[in-house]
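Engineer: Any chance you can model this:
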Amino acid sequence: MKGKLEQIKKEFQKEIEAVKSLADLEILDNKYLGRKSGALTSAMKELKSLAKEEIPKMGQLANEVKIFLTGEFEKTKKKLKSQDQISGSFDPTLPGTEQPIGHLHLVSQAIREISSIFEHIGFQRARYPEVEWDYYAFEALNMPISHPARDEWETFFIDQKPINKKLGQRILTPHTSSGQVREMEKGILPIRMMNISKTYRRQIDASHSPMFHQFEGLVIDKDINITHLKGTIEYFVKRFFGENREIRLRPHHFQFTEPSFEVDISCGVCEGRGCKLCKEGWLELAGAGLVHPNVLKAGKIDPNKYSGFAFGWGVERSYLMKSGLNIDDIRLLYKNDLRVINQF
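Structural biologist: Numbering: from 1, shown residues only. Model prediction:
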């Protein structure tokens with residue numbers, strides 16, 4: 001037995017010196033240390049057939065040979081791996097390189113958070129076209145063709161002939177309010193709708209982008225009044241911005257709501273002192289008001305029986321006002337600069 005173990009060690013030394021790859025090393029491993037038919041494994045199984053007085057001595061020698069073989073295997077394995085890294089060769093037995101895992105863009109994170117907040121008070125998500133008809137974007141919202149309020153939207157028009165007189169020109173929707181009458185036309189009351197979508201206007205500066213996202217809320221039911229609108233806005237602001245932010249409601253005029261308000265929030269970048277983003281400490285984030293009776297009529301709803309409120313907020317501008325975010329230019333969100341994106 002002693003001679004057999006020494007012969008295994010001698011042959012192993014000779015063969016391992018000739019190994020040139022990890023694949024060859026694995027073959028040698030199976031030849032000598034394989035569980036079923038390895039040379040040393042088979043020899044150790046024969047120990048039980050020796051005389052009792054020989055077993056301890058030969059068992060110790062077998063363990064010494066096994067430790068030697070295992071150590072040479074590990075030493076040779078490290079050497080071969082190091083050579084592969086230097087030469088740039090590919091070893092299919094090595095584990096693959098772990099790929100970095102991305103994350104949602106800041107705007108997508110904002111949309112998910114906004115959706116979740118309004119879902120808790122019963123709003124249901126709806127989606128409407130980004131390429132819209134003039135009728136739904138303007139006329140159905142109480143802005144006839146000749147009305148000067150249309151000039152305020154800086155609209156992108158599509159070079160396509162109208163398919164009928166009622167729908168009018170094709171445009172890129174300038175606001176999510178174009179989904180209001182579409183929702184009413186479904187004829188399902190009451191309505192508690194949340195529409196989050198891309199919108200388009202010819203505007204670009206620190207607080208405007210030609211393409212941006214809006215979220216539109218629409219509630220229609222019996223006996224809806226201004227207190228419901230105010231309560232909903234306060235609920236959202238407390239959940240989204242936090243308890244330490246101030247809100248300002250200013251009377252305004254929108255053609256599709258009456259009465260109408262603009263909703264401002266104290267700037268989170270300068271904390272109300274005034275900066276490049278807000279100018280004077282406040283940033284206008286939303287338009288809101290009670291749905292105009294003419295809009296209800298366009299949606300085939302009787303304004304004598306039903307009333308409602310609506311509000312439209314910019315997703316990006318709202319998120320930039322979160323405390324601690326400190327982004328003072330909305331255009332940074334769309335420059336694909338990983339130094340910015342990877343922070344969120």
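
Engineer: who touches the residue nearest the centre of the chain in this structure?
Structural biologist: Central residue check for the chain by Cα atoms, centre = their mean: the C-alpha nearest the mean position is that of Leu104, 2.2 Å away. Contact partners of Leu104, counting by Cβ atoms under 8 Å, 6 or more residues apart in numbering, are Arg112. C-beta: built from backbone N, CA, C; applies to glycine.

Engineer: Which strand or helix spans it?
Structural biologist: Counting by DSSP states H and E, no helix or strand carries Leu104.

Engineer: same thing with Gly312?
Structural biologist: Counting by DSSP H and E, the element that carries Gly312 is strand 307-314.

Engineer: Buried residues in that strand, which are they?
Structural biologist: Across strand 307-314, burial judged by 16 or more other Cβ atoms under 10 Å covers 307-314.

Engineer: Just the closest of those to Arg273, please.
Structural biologist: Nearest to Arg273 among the buried residues of strand 307-314, counting by Cβ to Cβ, is Gly314 at 22.1 Å.

Engineer: Pairing partners for the closest one in the sheet, please.
Structural biologist: Gly314 has these beta-bridge partners by DSSP bridges: Gln214.

Engineer: That one is in contact with Met211, isn't it?
Structural biologist: No - judged on Cβ atoms under 8 Å, Gly314 makes no contact with Met211 at a distance of 11.6 Å.

Engineer: domains for the chain, by residue range?
Structural biologist: 2-87, 106-129+181-341 (automatic domain parsing).

Engineer: Just send these back as TSV, with mean pLDDT and distance to Ala137 too.
Structural biologist: Rendered in TSV, the data for the domains of the chain read as follows (pLDDT from 0 to 100; distance: least, Cβ to Cβ, whole Å):
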stretch	mean pLDDT	distance to Ala137
domain 2-87	82	61
domain 106-129+181-341	89	10
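
Engineer: Look up how far Ala43 lies from the closest residue to Tyr334 other than its chain neighbours.
Structural biologist: With sequence-adjacent residues excluded and distances taken as Cβ to Cβ, 6 or more residues apart in numbering, Tyr334 is closest to Ser209, at 6.4 Å. Distance from Ser209 to Ala43, counting by Cβ to Cβ, to the nearest Å: 76 Å.

Engineer: same check, this time on His252
Structural biologist: 93 Å.

Engineer: Show me which of the two is the more surrounded one.
Structural biologist: Neighbours per residue (other Cβ atoms under 10 Å) separate His252 from Ala43, with Ala43 holding more: 19 against 15.

Engineer: Could you pull up the residues touching that one?
Structural biologist: Neighbour list for Ala43: 1, 4-5, 8, 62 [criterion: Cβ under 8 Å, 6+ apart].

Engineer: just curious, which of these is nearest to Lys322?
Structural biologist: Of those, the one sitting nearest to Lys322 (Cβ to Cβ) turns out to be Ala62, at 69.1 Å.
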